[in-house]
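Engineer: Just to be clear, the model below is a prediction. Sequence and coordinates:
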Amino acid sequence: MSTDTVRTTETAPKVVAEGVRKTFTTRRRGEVVAIESIDLAVQPGEFVSIVGPSGCGKSTFLYIVGGFEKASGGVVTCDGDPITGPGANRGIVFQEFALFPWKNVLSNVTYGLARQGVPRAERLERARELLQTVNLGGIEKLYPKELSGGMKQRVAIARTLAMDPDVLLMDEPFGALDAQTRAVLQIELMEIWQRNRKTVLFVTHSVEEALYLSDRVIVLSDRPSRVKAVIDVPIPRPRDRERLLAHPLYPELHAKIWHLLQNEDVDEDALSGR
Amino acid sequence: MVAEAPPGPRRRPLELELAPILLPMLSIGAVLALWELAPRLGWVSATSVPPGSEVLVEVGAVFRDPTFFPNLGSSAGRWATGFAIALAIGIPIGIVMGRSKVAFQMFDPILTMTYPVPKAALILIFVLWWGAGDLSRIMIIIMGSLIPIIISSYHGAAGLEPRLLWSARALGTGRAASMLRVVLPGSLPQILSGVRLTIAISIFTLLASELLIRQDGIGAYMFTNLDNGQFLRVWAVSVVIASIGFLLDLLYVLGVRRVLPWLEGDV
């Protein structure tokens, strides 16, 4: 069994966030601070999960890294370059509603390659390979409306992997799936990650999912959010669910993260005077 | 690997299967029976409301009338021209309004002001400007079709799922290119519903223009028959127009379903 856990290598971090702040202006409440300040450095090939109470701005942070939303303050860099917009070096998988409904499975997966000018024959070959990787065969001609939730997310993952991005941003990608499908997709994602070792930023609200997948778990506080804790997950890989649950560290880590999240809800209740 | 089956159709009990066929037949049958019986039993004057069967026979006579088809052709030509121009102008305006605040703030007041104006009221003004010819009648079709097309395109583009656009951007689509690659196809479901409504509206404005301006066309043909006291013929032409409207709608829905198999739900 391999025992590579958290790799504390000396290489330069892949993604760095410094003092990232996000405010919204609403008509009724004026300026609302969604993200107070987030500092974070993600190493190349590291799998980092972000958990936090709902509405804490964890997805917003991911969108800032993706370049879809602009930070109100601070800076995010990828390979040292400040992020100013979306880029092919950062692929994203959303929770849902992101496949192009007007394109069939194959065309969804080849879409990014076509934009890069990859010749048609090569596009098709790579797309078919990727569909095999995510365990989808024989559905190339189907449209998104004909797919189940799990199939849609597999296609979305294949479409993003087709671009071979350095960084994979995942915004609660399994959050809309039933428990069984979710577990299957977690295993598949782990297998893929073991092979290609992308840098992954994974937003979730499932503590178990975060522990199963991640090298580190970032716990965010409630709005206005800050990094409340960074938890290392030194459980050896490759992990499987049974071994994870049986690992002596698992209950402790789970309780710790759960407690950090729990406290948030208490704080919120105290603030609102309940 | 647990394979998931894609959602498929489920079987329904027979009475539920037949209800969507039997109930419409029942209501349509009742209307047709009333139309036949009311004039025959003297409830209404048979001159103003000829029985359905007589009107149906008269439809045959309309089709044998050599002056009918040239009139139908000129109507169809003006309708297609006006409708196509309205689509060509309306869809881009609506989409740009949906994606640009500046464009929205510029166009929205004009739409809000002109929306309640009955477009038929403009016919006489158009005659004043351009005379009682094709131009006036095509313009009125454009005016009648433009607003519903702009509004549906606007809603389609404004309501576009942002994650679709973000996905496209992350997959290497430029800002300008994503208008054609993502915003247009993403807005299509609503645009196509708007176009379907507009087909009915545009036929109405076509007839209004022909009944007021006359000259030629199917509306003018109908009016001439009314002048000559051919009431049965007027009824028969109305039935033909109603059938054409029904067929256009049916063809549109079937055509869209065939050409765009990815669409969810009805047009």
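Structural biologist: Noted; the coordinates are in hand.
Engineer: which parts of the stretch 101-250 of chain B sit against chain A?
Structural biologist: Residues of the stretch 101-250 of chain B found near chain A (Cβ under 8 Å from any Cβ of the partner chain) are B:161-164, B:166-173, B:182, B:185-186, B:188. Glycine gets a C-beta too; all of them are placed from N, C-alpha and C.
Engineer: please redo it, this time with the cut-off set to 7 Å
Structural biologist: B:161, B:163, B:164, B:166, B:167, B:169, B:170, B:171, B:172, B:173, B:185 (Cβ under 7 Å from any Cβ of the partner chain).
Engineer: In those residues, find the pair that's most separated.
Structural biologist: The span of those, defined through Cβ to Cβ, is set by B:161 and B:172 at 18.9 Å.
Engineer: which one of those two has more residues nearby?
Structural biologist: Ranked by neighbour count (other Cβ atoms under 10 Å in any protein chain shown), residue B:161 and residue B:172 place residue B:172 first, with 18 against 15.
Engineer: Could I get the phi/psi values of the more buried one?
Structural biologist: phi 90, psi 20 (degrees, to the nearest 10).
Engineer: Same check on residue A:94?
Structural biologist: Here is the backbone geometry of residue A:94 (degrees, to the nearest 10): phi -90, psi 170.
Engineer: where do the helices sit along the chain?
Structural biologist: All of this refers to chain A. Assigned helices in chain A, in chain order: A:58-66, A:105-115, A:120-133, A:149-161, A:179-196, A:207-213, A:241-246, A:249-271 (criterion: DSSP state H).
Engineer: ah, I was thinking of chain B
Structural biologist: Assigned by DSSP H, chain B shows helices spanning B:14-40, B:52-64, B:68-99, B:101-114, B:123-130, B:134-158, B:162-170, B:177-178, B:184-213, B:218-227, B:231-259.
Engineer: So which other helices or strands are in contact with the shortest one?
Structural biologist: When contacts are defined as 3 or more Cβ pairs under 7 Å, 6 or more residues apart in numbering or on different chains; DSSP states H and E, helix B:177-178 sits against helix B:162-170.
Engineer: what sits against residue A:54?
Structural biologist: residue A:205 (Cβ atoms under 7 Å, 6 or more residues apart in numbering or on different chains).
Engineer: any idea how far it is from residue B:214?
Structural biologist: In this structure, residue A:54 and residue B:214 are 66 Å apart, going by Cβ to Cβ, to the nearest Å.
Engineer: what stretches of the stretch 151-267 of chain B score poorly on pLDDT?
Structural biologist: Low-confidence segments of the stretch 151-267 of chain B (pLDDT under 70): none present.
Engineer: ok, back up a step: dump the helices of chain B into TSV; add distance to residue A:58 and mean neighbour count as well.
Structural biologist: Listed next are those as TSV, based on distance: least, Cβ to Cβ, whole Å; neighbours: other Cβ atoms under 10 Å in any protein chain shown:
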stretch	distance to residue A:58	mean neighbour count
helix B:14-40	46	11
helix B:52-64	67	15
helix B:68-99	28	19
helix B:101-114	28	12
helix B:123-130	58	15
helix B:134-158	27	23
helix B:162-170	16	22
helix B:177-178	26	16
helix B:184-213	26	21
helix B:218-227	62	19
helix B:231-259	40	15
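Engineer: among those helices, which is nearest residue A:222?
Structural biologist: Among these, helix B:162-170 sits nearest to residue A:222 (Cβ to Cβ), with 24.4 Å.
Engineer: Tell me the helices and strands packed up against the closest one.
Structural biologist: Packing partners of helix B:162-170 (3+ Cβ pairs under 7 Å, 6+ apart): strand A:90-93, helix B:177-178.
Engineer: Tell me which of those sits nearest to residue A:133.
Structural biologist: Using Cβ to Cβ, these put strand A:90-93 closest to residue A:133, at 14.1 Å.
Engineer: so does the closest one get close to chain B?
Structural biologist: Yes: on the criterion Cβ under 7 Å from any Cβ, strand A:90-93 is in touch with chain B at A:90, A:91, A:92.
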